[in-house]
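Chemist: Here's my sequence, what's the structure:
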Amino acid sequence: MTAGSRGDVAPYTGLGHGLVRAGHEVTLVTHDRFRPLVAGSGVGFHALPVDPRAELESERGRRLHRSTTGAGKLLRAVNMARDAVARMADDLVAAARTSDALLLAGALAPFGHTVAEALSVPSFGVNLQPLAPTGEFAPPMTGVRSWGPVLNRAGGHAVNLAVEWIFTEEVRRLRAAYGLPRTGRVAAHRARERLGWTVFHGFSARVVPRPGDWRHGLDVTGYWWPYDREDRLPAQVLDFLDAGPAPVFVGLGSATVPDSERMSDQVVRALRAAGLRGVIQRGWGELRGEGDDMLTIGEVPHSLLFPRMAAVVHHAGAGTTAAGLRAGVPAVPVPVQFDEAFWAARLVALGVSPGAVPLRGFTADALAAALRRATTDPSYAHRARTLAEELGAEDGVAPVLEAVNRLAG
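Modeler: Down below sits the predicted model:
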């Protein structure tokens with residue numbers, strides 16, 4: 001069960017496909033617009049009614065860009081999510097009734113854990129971000145690098161309680177319907193911790209080392225690579241790639257921007273100032289580029305496209321960050337909101353990026369300068385290739401499969 005943008009869904013298609021190949025029956029429970037992602041994978045699908053793109057493009061969604069701090073943006077998002085949960089709750093319960101176990105993404109864990117309790121089925125977490133409090137870094141969703149060990153941990157607890165608050169009304173309603181004792185959001189969060197509830201994290205310890213102060217049961221497995229049914233890029237893309245030197249990919253995925261025309265113009269100007277061709281993915285931000293040196297594309301598997309790039313410019317969402325690392329090419333992150341600043345900082349620390357160019361204050365000159373460094377300094381490409389080889393040797397599905405097999409046994 002997962003909710004959010006494409007990056008919050010795609011990794012679970014690969015995890016689900018791996019479990020299907022091992023003989024398990026798997027259903028992905030998420031927004032209906034992502035149904036095509038499981039085509040051909042053997043993974044079933046149960047649709048949730050909320051359309052995340054429509055939410056982001058609504059007036060409330062556009063107000064996210066007006067927040068000047070990560071905390072302010074997070075508060076607006078929490079209020080949006082609270083309304084969405086009320087519309088999804090019945091579908092989440094309906095999907096769970098036909099399940100023998102629930103694998104819960106972090107965004108739905110508070111409600112999903114209650115559903116599992118109500119239906120007496122086992123569950124565990126499958127997170128794409130390190131959401132458990134730690135003194136080693138600030139909560140990724142705040143966009144802050146660190147406040148120091150004590151405040152980092154306190155902030156982590158505060159963010160998790162804010163997420164619990166999203167589900168308060170629906171959890172209360174569900175517990176009453178199933179005759180479960182009432183419990184507050186603080187008590188519910190502590191109960192999962194006391195139970196040592198297992199949470200697997202679908203990223204590599206080479207990218208984010210497991211924090212030393214995490215409790216037992218919080219495991220880092222390695223990446224869950226999305227399932228891609230295509231094995232060849234579209235002819236138009238192949239023709240463009242063959243017509244000149246390796247281009248730069250630019251895409252903001254499911255992120256939206258306040259002014260897509262201005263953003264597109266800045267991107268094209270930056271690419272040309274750096275002497276680079278560009279493959280620009282429209283995404284939800286509706287970016288585009290025109291001219292013989294620019295190609296505008298829709299959805300194309302990153303696993304096929306990114307290895308052909310000289311560098312990748314992206315919003316540093318967890319999924320796209322992983323795809324860039326897998327491809328072994330330098331990155332220039334353009335973080336927009338929430339955990340993207342966290343992943344952008346990791347790319348810089350890993351030596352695969354010369355630095356981030358955040359959306360707030362974004363300019364063509366800043367992007368051009370970062371692209372020149374990323375594509376002319378060989379150290380970034382060398383480190384990216386080395387890290388990609390290390391990630392390719394990991395099997396992030398195996399620990400989750402072992403846990404599911406124990407449940408089945």
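Chemist: Residue 37 and residue 13 touch, don't they?
Modeler: Yes: using Cβ atoms under 8 Å, residue 37 is in contact with residue 13, at 5.0 Å. All C-beta spots, glycine's among them, are computed from the backbone N, C-alpha and C.
Chemist: Spatially nearest residue to residue 246, not counting backbone neighbours?
Modeler: Excluding the flanking residues, the one nearest residue 246 by Cβ to Cβ, 6 or more residues apart in numbering is residue 310, at 4.1 Å.
Chemist: Now do the strands in the stretch 51-200 of the chain.
Modeler: Under the criterion DSSP state E, counting those that start in this stretch, the stretch 51-200 of the chain carries strands at the ranges 102-104, 123-127, 199-201.
Chemist: and residue 330, which of those is closest to it?
Modeler: In terms of Cβ to Cβ, the element of these nearest to residue 330 is strand 199-201, at 25.0 Å.
Chemist: Pull up the pairing partners for the helix or strand just after the closest one, direction included.
Modeler: Next along the chain after strand 199-201, taking DSSP states H and E as the criterion, comes strand 218-220. Strand pairing for strand 218-220, determined by DSSP bridges: strand 199-201 (parallel).
Chemist: Can you tell me what sits against the strand it pairs with?
Modeler: If you take Cβ atoms under 8 Å, 6 or more residues apart in numbering as the criterion, strand 199-201 is touched by 124-130, 132, 217-221, 399-400, 403.
Chemist: for that strand, the distance to its chain's centre please.
Modeler: Relative to its chain's centre, strand 199-201 lies at 14 Å (Cα atoms, centre = their mean, to the nearest Å).
Chemist: tell me the mean pLDDT for it?
Modeler: Mean pLDDT, computed over strand 199-201, is 97.
Chemist: Mind splitting the chain into its structural domains?
Modeler: Listed by automatic domain parsing, the domain ranges of the chain are 6-223+394-408, 235-392.
Chemist: so of those, which one's packed in deepest?
Modeler: Highest mean neighbour count of the domains of the chain: domain 235-392, a mean of 20 (counted as mean count of other Cβ atoms under 10 Å).
Chemist: quick one: average confidence on that domain?
Modeler: The average pLDDT for domain 235-392 rounds to 95.
Chemist: still on that earlier bit, just tell me which of the strands of the stretch 51-200 of the chain ends up closest to residue 168.
Modeler: Set against residue 168 and scored by Cβ to Cβ, these come closest in strand 102-104, at 17.3 Å.
Chemist: that older thread, I'd assumed residue 247 was in contact with the residue nearest to residue 246.
Modeler: Yes: the pair residue 310 and residue 247 passes the contact test of Cβ under 8 Å, sitting 6.5 Å apart.
Chemist: which neighbours do those two share?
Modeler: Taking Cβ under 8 Å, 6+ apart as the contact rule, residue 310 and residue 247 both touch residue 276.
Chemist: Please determine how far residue 225 is located from residue 93.
Modeler: Computed as Cβ to Cβ, to the nearest Å, the residue 225 to residue 93 distance reads 30 Å.
Chemist: next one: residue 341
Modeler: Taking Cβ to Cβ, one finds residue 341 at 35 Å from residue 93.
Chemist: next one: residue 213
Modeler: Distance of residue 213 to residue 93, given as Cβ to Cβ: 35 Å.
Chemist: and what of residue 212?
Modeler: Separation of residue 212 from residue 93 (Cβ to Cβ) stands at 38 Å.
Chemist: Next: residue 157.
Modeler: For residue 157, the distance to residue 93 - Cβ to Cβ - is 28 Å.
Chemist: try residue 280
Modeler: For residue 280, the distance to residue 93 - Cβ to Cβ - is 41 Å.
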